[in-house]
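Peer 1: show me the folded form of this:
(2 chains)
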Amino acid sequence: TQLLEQSPQFLSIQEGENLTVYCNSSSVFSSLQWYRQEPGEGPVLLVTVVTGGEVKKLKRLTFQFGDARKDSSLHITAAQPGDTGLYLCADQGGSEKLVFGKGTKLTVNP
Amino acid sequence: DTGVSQDPRHKITKRGQNVTFRCDPISEHNRLYWYRQTLGQGPEFLTYFQNEAQLEKSRLLSDRFSAERPKGSFSTLEIQRTEQGDSAMYLCASSFLVREQYFGPGTRLTVT
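Peer 2: Predicted structure coming up:
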């Protein structure tokens, strides 16, 4: 059974700071996805990465996929209060279902 | 194109009662998934449908849980004889074949 470990579990920072969160898998990712979830809402897809070494940018968010396709990072530049939420990584393997990590709970204080 | 909708958004019930949740997927999405999320955890897969056929069920889905998608459109998830351990957020997602899944807002279940 694939296990996804996310770190840190909690992160509280001030507006304007930069941050990086990590996702590591016990096995090679098939299709890595990053989601953001706000309290009381469902996860919202941010990005999908499939190629080892791939880097994707989404405004102030930069996603990196490890060469061996077993790890990934999400870097946020100049964090804003609107970035507050639970950041989840997930793998969509051959069985179609998503396997999620426990997430990193980010709080950006104004 | 409207997103995935779920009803109700919140449900409080007493232990032993039955509850039913509804999910309306994005139109034209032929796959529909149910997940459960407890506090401090990521969502965990329960089951999924392709059109009206239920193709996979997790071991988490005990005999008290049943899901249907009778016409290949909306789906219902029923929990019989609820237990306190059933308290969780129940999430529905839909996709077109094996492409990205889009989640609804969830139904928060509290069993007292």
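Peer 1: give the contact list for residue 110.
Peer 2: No chain was given, so I picked chain A. By CB atoms under 8 Å, 6 or more residues apart in numbering or on different chains, A:Pro110 lies in contact with A:15, A:81. For the C-beta atoms, the positions are set from N, CA and C on the backbone; glycine is no exception.
Peer 1: chain B is the one I meant
Peer 2: Counting by CB under 8 Å, 6+ apart, B:Thr110 touches B:10-13, B:87.
Peer 1: any idea where the strands of chain A begin and end?
Peer 2: Secondary structure of chain A by DSSP state E: the strands cover A:4-7, A:10-14, A:19-25, A:32-37, A:44-49, A:55-58, A:61-65, A:71-76, A:85-92, A:98-100, A:104-109.
Peer 1: my error: substitute chain B in the last question.
Peer 2: For chain B, the strands defined by DSSP E occupy B:5-7, B:10-13, B:19-24, B:31-37, B:44-50, B:53-57, B:65-68, B:75-79, B:88-95, B:102-103, B:107-111.
Peer 1: how far away from the center of its chain is the second one?
Peer 2: The reference is to strand B:10-13. 15 Å (CA atoms, centre = their mean, to the nearest Å).
Peer 1: can you list the buried residues in the lowest-mean-pLDDT helix or strand in chain B?
Peer 2: With mean pLDDT, DSSP states H and E as the measure, the helix or strand of chain B carrying the lowest mean pLDDT is strand B:53-57 (a mean of 92). Going by neighbour count (16 or more other CB atoms under 10 Å in any protein chain shown), the buried part of strand B:53-57 is B:Gln54.
Peer 1: please apply the same query to stretch A:92-108.
Peer 2: A:92, A:96-106, A:108.
Peer 1: the inter-axis angle of the least confident helix or strand of chain B versus strand B:75-79?
Peer 2: 50 degrees (axes from the mean of the first three to the mean of the last three CA atoms, to 10 degrees).
Peer 1: ok, and what's touching strand B:53-57?
Peer 2: Residues contacting strand B:53-57 (CB under 8 Å, 6+ apart): A:95-97, B:46-49, B:67-69.
Peer 1: now stretch A:62-70
Peer 2: By CB under 8 Å, 6+ apart, the list of residues contacting stretch A:62-70 reads A:24-25, A:27-29, A:32, A:34, A:46-47, A:49-57, A:71-77.
Peer 1: for stretch B:22-30, same thing?
Peer 2: Stretch B:22-30 is contacted by residues B:1-7, B:32, B:34, B:50-51, B:72-77, B:92, B:94-97, B:102, B:104 when judged by CB under 8 Å, 6+ apart.
Peer 1: okay, now the residue lying closest to A:Gln92 once chain neighbours are set aside: neighbour count?
Peer 2: Spatial nearest neighbour of A:Gln92, excluding adjacent residues (CB to CB, 6 or more residues apart in numbering or on different chains): A:Ser31 at 4.5 Å. A count of nearby residues for A:Ser31, using other CB atoms under 10 Å in any protein chain shown, gives 16.
Peer 1: okay, the strands of chain B in a markdown table with distance to A:Glu41 next?
Peer 2: Output for the strands of chain B, formatted as a markdown table (distance: least, CB to CB, whole Å):
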| stretch | distance to A:Glu41 |
| --- | --- |
| strand B:5-7 | 11 |
| strand B:10-13 | 13 |
| strand B:19-24 | 15 |
| strand B:31-37 | 11 |
| strand B:44-50 | 17 |
| strand B:53-57 | 25 |
| strand B:65-68 | 22 |
| strand B:75-79 | 18 |
| strand B:88-95 | 9 |
| strand B:102-103 | 9 |
| strand B:107-111 | 10 |
